[in-house]
Each structure stands twice: as structure tokens, then as C-alpha cells.
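S.K.: Fold the stuff below for me.
(one chain, ligands or ions: 1)
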Amino acid sequence: MQEQAKSEEKKIGMTETWLRKHRLIYDAATRHPFILSIRDATVQSHSFKTWLAQDYLFVRAFVPFVASVLIKACKESSDESDDVEIILGGMASLQDEISWFKREANKLDISLSEVLPQKPNQKYCGLLESLMSEDVEYSVAITAFWAIEAVYQESFAHCIEEGSKTPPQLKETCARWGNQDFGHYCQSIKNIVNRRLQMASDDELKKAELVFLSVLQLEVEFWNMSSGNV
Ligand SMILES: Cc1ncc(CNC=O)c(N)n1
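M.R.: Numbers count the residues shown, from 1 in each chain. Here you go, the predicted structure:
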């Protein structure tokens, strides 16, 4: 029975363990008042515009971070794993995402070239920058990557679920990250994370857990900033 219990435990994966352990902060990041205000159609236009402009800057900073994760995957992953293809697919879709931000900004009369990053955005981009260092292990960087994508996926999927009252003009935004394909992509990254963490040292595990928590905290602050409550 002991052996049985152990092998069952292994199947669960570290990400599930952390999601249970850190449920409160995870929910704070994925069910934030800003997201709930989209979902119940009470979101203020200036909040949405702030989010859009700031997120454009974030995504620009996200590109070199993803590139750094890709380099780590190329150096570290075995031929049988498809880590590289999964991350490369994510990178490729960022090109479309950046064009989308530019189009949306245009529609809303936001001049992206004049937007400056606010403090919470600077802090978040600072974390991305620090994780790009060669000294940061692949397991730690890919954990951050998963958490960043998963928060958006869970947040925006909530806005297009049955029963949500998201205004029609915001549905496309929500579907960008809330759609099923993006959900599968996040699941693939989560599987990579679980696989890497299974072979990680205790020190790496500790660092990965802390980076997971930092991402959740920074996502909460990013939403706060968007709502106008810095
Ligand atoms: C602040 C933040 N977190 C996660 C994402 C989703 N990843 C790429 O688009 C995002 N756009 N912005």
C-alpha cells in the first residue's frame, strides 16, 4: 500500500500540489475584481484602456524572456521531448499578439508609442529580466513561463464561460487567452514543468515555488494597476 500511495502521489505533479497549497493567491490572480468587472460588464473604459496599453508593453518585454526560455530548452531537453516545439509555438503566436495590440490600440485611440510603463509593470518586467540570466535554471524559468500564461488563460476563460455577461466588444480579447487552444498550450507547458520538477534538486524546487508565488503576486498588482488602484 505504501508503494501504491507513493506512485499515486507522483502522478499528481508539483504544479497541482502548489495550486492547492497556494489556492488563495492563485484565486486572487485569476478571479481579480478587474476580471470580474469584465465578466459582469461593469468594467470602466479607462481601466480597460490602461490594461491594454500596459499589457502591450509587458508583451514586448515577454518576447526576449520567452526567447531565453527557448534557449534553455534547446540546451537542456532531450530529443524525445517536444519542449522546444511547444515554446517555439508560443513565441510565434506573440507576433500575432503584438499586431493585435496595435490594432486594438488604434481602435481605442491609444498612442502606444507614448505609453510609459507604470510601477507594477516595471516590477514585473524586472522579474522577467532577472529570469533571463544564464544562471537561472530551465526548471525555474519554465515554471515562471507556465504561471504567467496560466493566469491569463484561467482569468479570461472565466469571462467567456456560460453565465458570463462580458460585453460583446470585449469577447474577442477574452477569447485570445481564454480559448481552448490556449488552454491546451498551457496544459502542455504545465506537463513540461511537472516533468522537469520531478528531476529537480530541492534547491531548484524551492526557487521554482518562490518564482511561482512572485508571478502570482505581480499578476495581482498588474490587475490592480489596470483597475486604477496602484
Ligand atoms: C501581465 C500579463 N501576464 C500574462 C500574459 C499572457 N502572456 C502573453 O500574452 C500577458 N499578456 N500579460
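
S.K.: Give me the contacts around stretch 222-230.
M.R.: 29, 32-35, 37, 44, 46-48, 50-51, 54, 58, 118-121, 124, 221 (CB atoms under 8 Å, 6 or more residues apart in numbering). Every C-beta, even on glycine, is put in place using the N, C-alpha and C of the backbone.

S.K.: do stretch 146-161 as well
M.R.: Counting by CB under 8 Å, 6+ apart, the neighbours of stretch 146-161 from elsewhere in the structure are 15, 29-32, 35, 38-39, 62, 90, 164, 166, 170-171, 173-179, 182-183, 185-186, 189-190, 192-193, 211-212, 215-216, 219.

S.K.: list the buried ones in stretch 104-114?
M.R.: Going by neighbour count (16 or more other CB atoms under 10 Å), the buried part of stretch 104-114 is 104-105, 110, 112.

S.K.: Distance check, Trp146 against Gly163.
M.R.: According to CB to CB, to the nearest Å, Trp146 and Gly163 sit 28 Å apart.

S.K.: between those two, which one's more packed in?
M.R.: When neighbours are counted by other CB atoms under 10 Å, Trp146 comes out ahead of the other of Trp146 and Gly163, with 24 against 5.

S.K.: Which pLDDT value belongs to the closest residue to the ligand within the chain?
M.R.: For the chain, the residue positioned closest to the ligand under CB to the nearest ligand atom is Tyr152, at a distance of 3.8 Å. Per-residue pLDDT puts Tyr152 at 98.

S.K.: likewise Lys6?
M.R.: With respect to pLDDT, Lys6 has a value of 46.

S.K.: Please work out how many residues are found near Trp223.
M.R.: By the other CB under 10 Å criterion, the neighbourhood of Trp223 contains 23 residues.

S.K.: just checking, what packs against the longest helix along the chain?
M.R.: Counting residues, the longest helix in the chain under DSSP state H turns out to be helix 45-76. With contacts defined as 3 or more CB pairs under 8 Å, 6 or more residues apart in numbering; DSSP states H and E, the secondary structure elements packing on helix 45-76 are helix 33-39, helix 83-107, helix 119-131, helix 138-160, helix 202-227.

S.K.: can we see that at 7 Å?
M.R.: Helices and strands touching helix 45-76, by 3 or more CB pairs under 7 Å, 6 or more residues apart in numbering; DSSP states H and E, are helix 83-107, helix 119-131, helix 138-160, helix 202-227.

S.K.: Check which residues of the last one are buried.
M.R.: So the one you mean is helix 202-227. So helix 202-227, judged by 16+ other CB under 10 Å, has buried residues 204-205, 207-209, 211-223, 225-227.
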